[in-house]
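Trainee: no FASTA, just this:
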């Protein structure tokens, strides 16, 4: 069993880096939906005064944070110094991965405190909620930058005018 696990890790480390375009799709879709769900659980928990729902949101953010950390540590993200890469664009992708990891870490601390104290630590939940909203808007900014980088020289309107 241990040998198979080491073999799997070796295969993961030997795979090629994920392209920035694929990384963006991964950052905007799957974690984006999970982030949206976690925010929904937080809001629904505060409105209905049910702390169990905020725990579900924390667990979701922990899972997404772990996935972001794995993507960073396994070498899937190219360096901003890579030739042919837009450094500003790649730095935003890396910052998003770091923010996902930070939110996951803070959510783990919050859950740990909740289990020790048998009560939620509201200031930490507010910080997690605010960071999650900032992350949501960073994803939107990433989409805008991606569109500006891939803006075509001619548009459909230019073709019609000719």
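Mentor: That came through, no problem. Please read these numbers as outputs of a predicted model, since none were measured by experiment.
Trainee: how about the helices in this protein?
Mentor: 2-14, 20-28, 30-48, 51-73, 87-117, 122-149, 156-161 (DSSP state H).
Trainee: Which elements pack onto the third one?
Mentor: If contacts are counted by 3 or more C-beta pairs under 8 Å, 6 or more residues apart in numbering; DSSP states H and E, helix 30-48 sits against helix 51-73, helix 122-149. The way it works is simple: take the backbone N, C-alpha and C, and place the C-beta from them, glycine included.
Trainee: Which of the residues in the longest one are classified as buried?
Mentor: By neighbour count with 16 or more other C-beta atoms under 10 Å, helix 122-149 contains the buried residues 124-125, 128-129, 131-132, 135, 138-139, 142, 146.
Trainee: tell me the two of those that are most distant?
Mentor: Spatial extent of these (C-beta to C-beta) is set by the pair 124 and 146 at 32.6 Å.
Trainee: where does the chain have its least confident helix or strand?
Mentor: helix 2-14 (a mean of 48; mean pLDDT, DSSP states H and E).
Trainee: If we ignore the residues flanking it in sequence, what's nearest residue 40?
Mentor: Using C-beta to C-beta, 6 or more residues apart in numbering and skipping residues adjacent in sequence, the residue nearest residue 40 is residue 57, 7.8 Å away.
Trainee: hmm, back to that, give me whichever of the helices of the chain is most buried.
Mentor: helix 51-73 (a mean of 19; mean count of other C-beta atoms under 10 Å).
Trainee: and that one with helix 30-48, angle?
Mentor: Comparing the axes of helix 51-73 and helix 30-48 via axes from the mean of the first three to the mean of the last three C-alpha atoms, to 10 degrees yields an angle of 160 degrees.
Trainee: so what does helix 51-73 touch, helix or strand wise?
Mentor: helix 30-48, helix 87-117, helix 122-149.
Trainee: Run through this protein and note the low-pLDDT ranges.
Mentor: Applying pLDDT under 70 to the chain flags residues 1-28, 80, 82, 84-86, 120, 142-162.
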